[in-house]
Structures are given as C-alpha cells and as structure tokens.
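*Asks:* here you go, sequence then predicted model.
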Amino acid sequence: MAAHLSYGRVNLNVLREAVRRELREFLDKCAGSKAIVWDEYLTGPFGLIAQYSLLKEHEVEKMFTLKGSRLPAADVKNIIFFVRPRLELMDIIAENVLSEDRRGPARDFHLLFVPRRSLLCEQRLKDLGVLGSFIHREEYSLDLIPFDGDLLSMESEGAFKQVANMMIRMKREFTGSQNSIFPIFDNLLLLDRNVDLLTPLATQLTYEGLIDEIYGIQNSYVKLPPEKFAPKKQGDGGKDLPTEAKKLQLNSAEELYAEIRDKNFNAVGSVLSKKAKVISAAFEERHNAKTVGEIKQFVSQLPHMQAARGSLANHTSIAELIKDVTTSEDFFDKLTVEQEFMSGIDTDKVNSYIEDCIARKHPLIKVLRLICLQSVCNSGLKQKVLDYYKREILQTYGYEHILTLHNLEKAGLLKPQTGGRNNYPTIRKTLRLWMDDVNEQNPTDISYVYSGHAPLSVRLAQLLSRPGWRSIEEVLRMLPGPHFEERQPLPTGLQKKRQPGENRVTLIFFLGGVTFAEIAALRFLSQLEDGGTEYVIATTKLMNGASWLESLMEKPF
Amino acid sequence: MSRTKGDEEEYWNSSKFKAFTFDDEDDELSQLKESKRAVNSLRDFVDDDDDDDLERVSWSGEPVGSISWSIKETAGNSGSNLEGREQLKSRNSFSSYTQLPKPASTYSLSSFFRGRTRLGSFQSLSDALSDTPAKSYAPELGRPKGEYKDYSNDWSISDTVRRLRKGKVCSLERFRSLQDKLQLLEEAVSVHDGNVITAVLIFLKRTLSKEILFRELELRQVALRHLIHFLKEIGDQKLLVDLFRFLDRTEELALSHYREHLNIQDPEKRKEFLKTCIGLPFSAEDSAHVQDHYTLLERQIIIEANDRHLELAGQTEIFRKHPRKASILNMPLVTTLFYSCFYHYTEAEGTFSSPVNLKKTFKIPDKQYVLTALAARAKLRAWHDVDALFTTKNWLGYTKKRAPIGFHRVVEILHKNSAPVQILQEYVNLVEDVDTKLNLATKFKCHDVVIDTCRDLKDRQQLLAYRSKVDKGSAEEEKIDAFLSSSQIRWKN
C-alpha cells in the first residue's frame, strides 16, 4: 500500500485505489495468460499506481517494450498494448500485430489507450488493416496520478503546449461529478503557467528542488551517481564500485525526507546532523539494556532504527552530492546573475556572464534559461540585446535553433520589449516578489524557496485566501490573461459545519506545470498556524526550468 | 428515421455487436455509483492490499529487457503483406467486426492516411485534394436513403457530436449543406473534445474546397488550431503551407518550411533544400541567418570532401598527427571556425577553409574569433601563434599586447590547455586588475607574478603568507626573503 498518500487532509489513496481497481477490471476482461507491450513512456507513471506483483496476480506473464518489427516470443493467450494515443505508435503496433499473425497460434489482441482514446489513432489502425484484430479497445483514464498526500500530477509531457485542452478537460470532469457529492475542497484555484513564467526559470533552492534541478526526479524516482552509495565493507579495497546508477524513490512515506524535502538546502545540513546524533544515541541504548524486558524492547525497535539509519545515510550522501554542485564557482555565478535579474539589476543590457556561458559552450538549455529569465524580468528585451543573444546562440549552437528561439517567443518566454515599458518592477514591488531579508533556516515567508524570490503563483494563492484579490486588482490587470472568480453554490444539505480552528482546503491546479519549490512554498503556507488554508496541489506536469525549455526545443521529427 | 433513442441504444447494445461498442458502461448512472462508493469509503478506508514488501521492488527495469527481449532483436522484416491481413481478418471474424456491413461513410479518414508515411507527405497531397471534388455540398442523389438508415440515422447535430464523443461510429455524410457542416464544427468545439473536433475537421477537409475551409476556419480560431496541429501531425506540409499563406501568416509559413530540413540526412540534398528557404518571408534577421546557414553547409561540404581526401592520402602532417574525430558537416559556425583554426590556420584568405575567410564571410566578431583561434592554437601548443594573436603594432612600430576578450580569459584558456608556466606568467602579468591578477597567479602557481605583485602593493603580510606555499630552498623562497629583508621597500603593513 502507499501510506504516504493518506496522511494529507484529503485522502488521495482513494484515487490510487480507484485506478488500481480499474486496471484490475480491465485485465480480468482479457481472460487467460497475458503479455503486456508497453509504450515505454508509460512505465514510469504506472509504476506509481501498481507494482509488477499486481499484474502478475492477474496472469500477466510477460512484459515488453513497444518496438518495431516482431514481438518477442511469448506463450500467452492475450497480448495487450498499453499506449499513449500517438500516430507513430499505431504504426508500430500494426507492424507487431501483422508479424505476430504470421507466426502460429492465434492470440487475442487488446489495446488500452492512456489516458484517452483517439479516433485519429483508431483510424490509422484501420487503414493499416489491423483495427479489427483488437477484441478490447478501451481507454484508461490515468489522468491525475497521486504523488503524495497533497500532490497530484497528470505527467503529460509537452503539457505546456496544450494547456488550453487540459483546462477544458478539467472543466468537463469537474462539472460532471462534483455537485452531487460531499465537498472535499472549499476552493478551486486554476493557475495558468502563463501568469508566472518567471518562477520555473529560476534555480530552485529547496532540497527536493535541487535534487530535481541537478539529477531530475522522474515519477518520484531519482537516479544518482553510485559512487557515494557504495556499501562500506572493510577489506574490500573499494575494488568493485557499483557502476549502475543508484535509484531511489522520494516521497513523504520516508519520515526524514518528509521533514527536509521542502527546506531551503542551507537548512538541511543541520537537520541531518541532529538526526545523526539522535540515531547514534538510540543505538547506544543497547548498552543500558540490562533486563530481558529491556533487551526485548530494544530489539523490537531495531527495524525502525535501521530504516532510519539507512534513510539518513542516503540523504547525507545526496546532500553531499548537491553540496559539491552548490559550492562550485559556476553555480554561485549563475545564482548571482539570476538574483540580480529577479531583484531588477541590469536587466536591460547584455549580461557578461551569459556571454561567457555561450563562449564556453555551456549547455544551451542553461543559456536559454538565463536569457528567458532576463527577458521576463524586463518585460521583454531591447531589440538590440535580443538580436545580439540570438546571433551568438545561432553561431555557437547551430542555425537550426532559429526554430527553438521562435518557440520560446511564441510561449512568451523570450520577446522584444514593446512600447519600451517595463512593468515587471511594479508587479514585483506590489506583490513583494523579491525579499531582501530571507530566513533560510526558519522561514517566515514563501520567498525562502528561492532564497529571495517569492513565486508569483504562490503569492497569488496566498493573497486570494487573505485578504482577497480585490486588493490587487491593478496588478492583476498587468498579468497576462483574464482572471475570474466563480462561486459554486452548494445544496444546503451538503454544507458542512466547520469546526472552530479547522482550515479551509483549497485545490490549486497548475495548468502547464509546477516546480517542487512552488509545492514547498504552498506546503509552507498550509503549515502556518494562522494561515487558515490548506492546499492540495494538482498539475499537468511536475517540471523545472530545464525540462520546460526542453519541451520547447525543436528536434528532428 | 424516426427511431427513438431507446431503439438506438438497444441496437448498439445488442450482443451481436457487442465488440463494436466501447464504453456503454460509462453512462452517468454508473459514474455516480463509482463516486458514491469512493466517497463512502473515504473515512473508513482500509487498504488491505498486501504488496507492502514489494513496494521497494523497482518496476520498470526487470521484466522489460528480459531474455525474451533480446530474441526480438533478431526477428526482423515484417511489413504488411496482403496474406497477413487476410489471415487476420478471417481469424478475427468472431469478433464480429468484419461482419458488420460497412456504412457508406463513417466519417472515414481513410483516404488521408492510406499508405502514407509522415515524411512522404509531398506526393500524397495531390490525391488528398483531388478526392475532394466540388461535390462538397450538393446533396447526394442517386442513393436510396434506406440503404444506410440502419447505421446513420438522422441524429441531430448535437446527438451526432455526443455519439462521436463516446467513440461510437456515426456518419457525418448526411450533413451536406455548408451551414450544417459549420454547425457541426461549432458543436464539436463547444464540447471541448479534441477528438471530435479533429474528426469533424477531417470530414470538412474532405468535403469542402480548400478556399471555403480556410475562409471558415479563419473565423473559428479553436478549430483552426486543431487543423494546424492535425496537419503537422500527419505531416501534410503542403496543405499547411497553403493554409499559412491564406492566413497571411507568412513567417510561420517560412519557418514551417525551413523546419523540414531537419529531416534531410544527405548533406547535398539538405544544402539544396536550404537554398529553397532563402527567399522565404522570414524576419529580416532570420533571413540573414538562414542565408548563413546555407552558406555554411555549402562550405562544410567543400571542406569535408577536401579534408577527407587529404587525410586518406596521409601526406599532410597535421592530419597524421591529429586525425579528425568527426566530420565537420552540420556543425555550428563556431565549431567550424575552431576546426579551420586547427587544421587550416595558415591558409591564405582566398581559400574557403581559411579562418580569415570564414571570419569575413560570416562577419564573426573579433571577440568570438580571437577566443576560438586561441583555443585551437593553444590545443596545438602553438605558442607563437598565440603570441601573434595578441600582438599589435602601432603606427610608430612599437608592439603592444592587446586582447579583446580580456587577458584573464586568455590565461584560463591557456591553463586549460596546460600551457607551461613561463607562457602563463607572461599573460597573467598582462591582466590589468590587480586583484584578479593576484588571484589568477596564485591559482596557477605563477610564483614570480605573485611575489612581484605583493612587492608592488607593499603588502608584507601577504608575501609572508605566500612564503609557506613555495618550495623550501627554491629560487622563489630566496626571492621572497630578499624582498622581506630589503630596506628599500616601504611596507604598508
């Protein structure tokens, strides 16, 4: 089971259980032994809702990744394809089916679209002459995958491009089901990523945020360089260091991780060392255990203590890895530039650090991220500055990136300043998006998650709950896109009495992605004693600046 | 024609056609039950699943990529032959799919997909257009209505859209007037289902003339975006270009055309393709970049042919000593300049491969040029060339060292290429800012520079501290001691 999902104010385990049930039901429809052919992209998200053991219980004997030509031999009755609705995948499926057909005993084919069926795809299968081969063709609405007690994600790549679609779908789903059931959420806040383009571009400085920035968290798993995790055995001489990446799951089921994930990285070290002392003290207890009863009690605690020690060892290693990066000269330089931009210094001229990065051929993503940050902080770049950057990028990284640069312009991340006015400083000051005095150890404001920058997205949520948006209407007009509030009246029978001191629950939906640092900031607000609001977060994608820009890069088809 | 709704449902649900209906269980009633059940279980939910221990077992790795996986690698050549399909059809007849008489048209998309690959979109366009004759909204006479009344009843527009949304087969053919078609489209847009919108668009694309389709879509932006996405998805480049031209979105048109070059592997063909991009309506700056892109590839093809030949012949020293690691084709401009500074540094300006020629042709800024040349020459440890790069003569004939990139950068690059201390020292000394100079000198162990700078700064403490960093009994230590005991220097501390 997944205990970490039920800790929150709203029990998200129910959701997980529902999708698991749906999966079991589908599998049972295809009676007999089965092989599953996976669209590789889906194995990650599915891993969050079910283990192989669940599939095995339902007679899944083999699993393959979807690939051209023939399927590997498998002595099963059913072959089930789990795929995203994409045309190119349909071609592969057809190839599989046709070649399988020539090979002997008849199989039953089934097709499961995740998360939606597509008429276009089915038509493609029809044209390839295989549509009729599938006995069951269904969709599996793995829309919102529970990641944690307060976090749901759709994990749809390229979601930023399809924000509108998603929003519409959400609307449909919410309208269909909510009125008649007991309300779980008091408020729903839909935030379009376009409102706050800046935040994901900055480097996240929470523990979890930094792990994501440096190693990339995929479906709550992270792969780390193995050196630091080598088992320390004496006399081993360190000869067989593991070569495969160390894979760790990160969620609040792990007590220690729950405690440190949302802290500013600079506050993590002290927690780890305190924990270390507590644990070694606990192990020392064994010397004091004299009576059989005491020994018994000590032994009964051992598994828990050992788990705690393992967890501590892992996070100490991760923290060391991160520290190697954050203490490097280049990281410091980059952060300085980011913070200058976000506090409004020299945003209107060519930045020499960015110039340097290009000259040294630093990764293009890094360069673009900084330039976009500068552009957003300046409400667009001066034409001359923009042209200069563009030229440098094209000459150094290749002319084909004309396309990438256009995608960034379309997304509003990179643009020439129009009207020669920069209204970002007004927004920054009114919404207090830059805080000079940040307490990283014991934060008093959400700005701690970026050591100074308060995410606009989260600030909006905060202001909505108190004192309401009426106070900031002028600024709201400066933000892109329309804003609207809507009340959904409830039948009186369903209105519940709030206990004194009981918080309101707000579901905040980030359309186009959310960063771990923003999540941390919202959790910080949830925990405030006089905050009055707890947040459950849903999103189309967990993202960071790098993965975001990556999705906007132009690649050959 | 006058079938009631109940009849239809019965028809679709009757067991004979079971396999052909998809999601009849997703009606509102059962949805409600679902949510009720979920809500009821909210409070007393107990997870009785016992796969606790397996939680830590990693999912994605094991079963995929097993032994059977590797077998698959050897199984090749499939393709779709007719025999296979026939077999397939007959075998699966029990699923009743093939027994279902085919409706005259079930918003059939076939003509647009058949046998078409994404890349081969060019030649296929004509047939896509040619089968959209102007019959578009003339009523189909000749065919008795009874012939297809079982499959496509005259559902209202909203019923049709609702059925499409549920993934059920539904004929669109009966919507023949332009007004009906547009209403159908508007209904599809209003239910916010991309699937349905696309299905309707494909129908319209087939039954309306291009001009009318474009004209109407221009007024319906949501549908227009879907069509653009759809055309990109199926790779119908030509119609896309036509559409952009009609909408006067010329820059998008140009970019969309230019994007195609990414799919052309052969350098010669890619070059020719880029040539066709040159006159397109890009913005002024992009125009210049696209022109440069073409010129660069043209150069690279010449250089590549020439150098491959030289390398194979084995007569040229530089290629013998430093064999090329990769072809220069499709590399960025700066990389090409580096290559040319590495292999063709001394060539006269007249040759295509000479660095100076590249610099002139592409108007490479001084800074960029010096940086790249420095990196290339330092890699070859050609210190003379490095020296010459920064030496300028003024009109009196005096020589002076000048670096447009700042000498601190020069030092870093030299150090990265492990230049000897004497060389490094010379350039560290040229760094203007004293603090930077001292930092670099300390970092790269240019003892003399550190010692002299401390003396110039009259910083006795720092010199004293530095004494511990040099080797005992070395010349540097002697030098420090000489300074420290000198009475000539007025120390500031």
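*Replies:* Received it, and whenever you're ready, just let me know what you need. Numbers count the residues shown, from 1 in each chain, chains lettered A, B, ... in the order given.

*Asks:* ranges for the strands of chain A?
*Replies:* A:34-38, A:60-65, A:78-83, A:108-113, A:134-139, A:145-148, A:151-153, A:187-192, A:217-218, A:221-224, A:246-249, A:504-511, A:533-539 (DSSP state E).

*Asks:* get me the contact residues on the stretch 201-350 of chain B for chain A.
*Replies:* B:230, B:233-235, B:255, B:258-259, B:261-263, B:285-286, B:289-290, B:292-293, B:296, B:330-334 (CB under 8 Å from any CB of the partner chain). No exception for glycine: its C-beta is placed from N, CA and C like everyone else's.

*Asks:* are any of those buried, and if so which?
*Replies:* B:230, B:234-235, B:255, B:258-259, B:261, B:286, B:289-290, B:292-293, B:296, B:330-334 (16 or more other CB atoms under 10 Å in any protein chain shown).

*Asks:* domain assignment for the chain?
*Replies:* I'll assume chain A. Taking the TED database as the reference, chain A has its domains at A:3-142, A:207-230+A:243-327.

*Asks:* that answer is for a different chain, and I need it for chain B
*Replies:* If you go by the TED database, chain B breaks into B:157-254, B:382-445, B:446-492.

*Asks:* of all these, which gets the most neighbours per residue?
*Replies:* Per-stretch averages of neighbours, counted by mean count of other CB atoms under 10 Å in any protein chain shown, single out domain B:157-254 among the domains of chain B, with a mean of 19.

*Asks:* give me the number of residues near residue A:329?
*Replies:* For residue A:329, the count of nearby residues is 7 (other CB atoms under 10 Å in any protein chain shown).

*Asks:* contacts only, for residue B:231.
*Replies:* By CB atoms under 8 Å, 6 or more residues apart in numbering or on different chains, the contact set of residue B:231 is B:237, B:239-240, B:243.

*Asks:* which single one of those is nearest to residue A:343?
*Replies:* residue B:240 (43.9 Å; CB to CB).

*Asks:* got the contact list for the closest one?
*Replies:* With CB under 8 Å, 6+ apart, residue B:240 has these contacts: B:228, B:231-232, B:256.

*Asks:* and it, which of the three is it?
*Replies:* helix (DSSP: H, G, I helix; E, B strand; the rest coil).

*Asks:* quick check: it vs chain A, distance?
*Replies:* As for residue B:240, its distance to chain A is 13 Å (criterion: CB to the nearest CB, to the nearest Å).

*Asks:* ok, and the closest non-adjacent residue to residue 383?
*Replies:* Here I'm looking at chain A. Using CB to CB, 6 or more residues apart in numbering or on different chains and skipping residues adjacent in sequence, the residue nearest residue A:383 is residue A:416, 4.9 Å away.

*Asks:* you looked at the wrong chain, it should be chain B
*Replies:* residue B:423 (5.5 Å).

*Asks:* residues contacting residue A:309?
*Replies:* Residue A:309 neighbours (CB under 8 Å, 6+ apart): A:279, A:283.

*Asks:* could you do residue A:456 as well?
*Replies:* Contacts of residue A:456 (CB under 8 Å, 6+ apart): A:195-196, A:198-199, A:427, A:431, A:433, A:479.

*Asks:* recalculate using a threshold of 10 Å.
*Replies:* A:191, A:195-199, A:427-428, A:431, A:433, A:475, A:479, A:518 (CB atoms under 10 Å, 6 or more residues apart in numbering or on different chains).

*Asks:* residue B:187 too?
*Replies:* Taking CB under 10 Å, 6+ apart as the definition, contacts of residue B:187 comprise B:156-162, B:164, B:196-197, B:200.

*Asks:* max pairwise distance over those: which two?
*Replies:* B:156 and B:197 (18.1 Å).

*Asks:* among the helices and strands of the chain, which has the poorest mean pLDDT?
*Replies:* Went with chain A since none was named. The weakest-scoring helix or strand in chain A, judged by mean pLDDT, DSSP states H and E, is helix A:163-177 (a mean of 46).

*Asks:* nope, chain B
*Replies:* For chain B, judged by mean pLDDT, DSSP H and E, that is helix B:67-74, with a mean of 29.

*Asks:* point out where the stretch 101-250 of chain B drops to low pLDDT.
*Replies:* B:101-154, B:167, B:169 (pLDDT under 70).

*Asks:* let me see the ranges of the helices in it.
*Replies:* B:110-113, B:121-130, B:157-165, B:178-190, B:194-207, B:210-218, B:221-234, B:237-247, B:250-259 (DSSP state H, counting those that start in this stretch).

*Asks:* could I get those as JSON lines with distance to residue A:423?
*Replies:* Listed next are the helices of the stretch 101-250 of chain B as JSON lines, based on distance: least, CB to CB, whole Å:
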{"stretch": "helix B:110-113", "distance to residue A:423": "47"}
{"stretch": "helix B:121-130", "distance to residue A:423": "44"}
{"stretch": "helix B:157-165", "distance to residue A:423": "42"}
{"stretch": "helix B:178-190", "distance to residue A:423": "34"}
{"stretch": "helix B:194-207", "distance to residue A:423": "35"}
{"stretch": "helix B:210-218", "distance to residue A:423": "32"}
{"stretch": "helix B:221-234", "distance to residue A:423": "27"}
{"stretch": "helix B:237-247", "distance to residue A:423": "31"}
{"stretch": "helix B:250-259", "distance to residue A:423": "27"}
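
*Asks:* and these: which comes nearest residue A:243?
*Replies:* helix B:250-259 (39.4 Å).

*Asks:* give me the angle between the closest one and helix B:237-247.
*Replies:* Here the directions of helix B:250-259 and helix B:237-247 differ by 160 degrees (axes from the mean of the first three to the mean of the last three CA atoms, to 10 degrees).

*Asks:* nearest residue to residue A:466 other than its sequence neighbours?
*Replies:* In space, residue A:466 is closest to residue A:532, 6.9 Å off (CB to CB, 6+ apart).

*Asks:* pretty sure that neighbour contacts residue A:503?
*Replies:* Yes. Using CB atoms under 10 Å, residue A:532 is in contact with residue A:503, at 5.7 Å.
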